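1. Curious how this folds, go ahead:
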Amino acid sequence: MRSVPRLSLAWTIVALAAFWPGATGAHDFFIIPSESFPKFPASVEIGMHVSEVFPGEPESWRLDKTREFFMLDDTGRADLKKTDYRGSPMKAIVPLRGYGTAVIATTTEPAYIEIPPQHFLEYLTTEGHDQILKARRQAGQETQPGKERYTRYVKTLVHAAATPTAVAMATLGLAIEIVPEAQPAGLKPGDSLPVKVMLGGKPYPNGQICATYAGHTDEEDTYAWCGRLDAGGKAAVPIQAVGWQLVRVSHMQARKDDPKADWESWWASLTFEIPKKLPKPQPPPKPEKSQGGR
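-> So this is what the prediction gives:
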């Protein structure tokens, strides 16, 4: 499939400055662990990425911009905001609690941006926000800058002891969320990952969804594939190569009674790894021998 470019990054420098000081221009925001199939017991380092080329390099974790940070595994949900953070750039150190898949997620505090009219037009076009383009045209706003409030909702998958479990397909209840409908760990190039996108707890119909993989291209803001969600908020995302994968989607709607924003957007991303060869599951620990007694 052909590469799918987005837009010039001229305006995204302004956008990122509001969220991630020090970034020189980027748009996608996602998290990637140091390992996706770690042995257990283990802790994984979670890096935050704001990059124009996937996966790019991690940025230091910004706790002041983090609204939620948590993990869902086979034992339930655990808050991670008070976990350890270390390194340069600073990463979150997440102890895994048992065998199986852990979905690690974070959400950002809302931020505001103002985008020049032409760049806002390009942005809406490439993000597939046709309804916003139509609304601006009908309201005679095409020569006005785009004032936007945006929030990010991102997830990644880790399979402790190389033991993938159904937790990978769990819905976390985020405002916008990409939910796999099959276990990604067993897929290979040529397969497709069925996903559904939930918006406010309901399927998000007809939104544009894009995906790419590590090493696809050095061109900035370019995806390996883009498509449309169906009426039930579902799509089949093609797996085109081994390595780290990114799936991302956004939604925008009018915002009222906010002097700083005419529009509000919600962004979701999901990262996971397709290994060259699926690691063998780690054997469960042997039960301890009884001490004393018959």
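2. worst-scoring helix or strand of the chain, pLDDT-wise?
-> For the chain, using mean pLDDT, DSSP states H and E, the weakest element among its helices and strands is helix 12-19, scoring a mean of 41.
3. next SSE after it?
-> Using DSSP states H and E, the next helix or strand after helix 12-19 towards the C-terminus is strand 28-33.
4. Output the following helix or strand past that following strand as PDB, restricted to C-alpha atoms.
-> Beyond strand 28-33 on the C-terminal side, the first helix or strand identified by DSSP H and E is strand 43-51. Only the C-alpha atoms of strand 43-51 are listed here, as PDB (Å, rounded to 0.1, in the frame of the first residue of the first chain):
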ATOM      1  CA  SER A  43       9.700  -3.900  35.300                       C
ATOM      2  CA  VAL A  44       9.500  -2.200  32.000                       C
ATOM      3  CA  GLU A  45      10.500   1.400  31.100                       C
ATOM      4  CA  ILE A  46       7.700   3.400  29.400                       C
ATOM      5  CA  GLY A  47       8.900   6.100  27.100                       C
ATOM      6  CA  MET A  48       6.800   9.100  26.000                       C
ATOM      7  CA  HIS A  49       7.100   9.900  22.300                       C
ATOM      8  CA  VAL A  50       6.200  13.100  20.400                       C
ATOM      9  CA  SER A  51       7.500  12.400  17.000                       C
END
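5. The helix or strand following strand 43-51 pairs with which strands?
-> Per DSSP H and E, strand 43-51 leads on to strand 58-59 as the next helix or strand towards the C-terminus. The pairing partners recorded for strand 58-59 under DSSP bridges are strand 43-51 (antiparallel).
6. And for the partner strand, what's in contact with it?
-> 16, 19-20, 23, 26-35, 38, 55-62, 87, 89, 91-96, 104, 106, 156, 158 (Cβ atoms under 8 Å, 6 or more residues apart in numbering). (C-beta placed from N, C-alpha, C; glycine too.)
7. make it 7 Å
-> With contact meaning Cβ atoms under 7 Å, 6 or more residues apart in numbering, strand 43-51 is reached by 16, 20, 23, 26, 28-35, 38, 55-56, 58-59, 61, 91-96, 104, 158.
8. got the angle between it and strand 28-33?
-> In terms of direction (axes from the mean of the first three to the mean of the last three Cα atoms, to 10 degrees), strand 43-51 departs from strand 28-33 by 160 degrees.
9. starting at the chain centroid, how far to strand 43-51?
-> How far strand 43-51 lies from its chain's middle: 11 Å, per Cα atoms, centre = their mean, to the nearest Å.
10. pLDDT on that strand, on average?
-> Average pLDDT, strand 43-51: 95.
11. Name every strand pairing with the lengthiest strand in the chain and say which way it goes.
-> Longest among the strand segments of the chain by residue count, using DSSP state E, is strand 146-160. Counting by DSSP bridges, the strands paired with strand 146-160 are strand 100-108 (antiparallel), strand 111-115 (antiparallel), strand 263-274 (parallel).
12. would JSON lines of these with distance to Val247, mean pLDDT and mean neighbour count be doable?
-> Listed next are the strands paired with strand 146-160 as JSON lines, based on distance: least, Cβ to Cβ, whole Å; pLDDT from 0 to 100; neighbours: other Cβ atoms under 10 Å:
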{"stretch": "strand 100-108", "distance to Val247": "14", "mean pLDDT": "98", "mean neighbour count": "23"}
{"stretch": "strand 111-115", "distance to Val247": "22", "mean pLDDT": "95", "mean neighbour count": "18"}
{"stretch": "strand 263-274", "distance to Val247": "5", "mean pLDDT": "97", "mean neighbour count": "23"}
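13. This completes my enquiry, with thanks.
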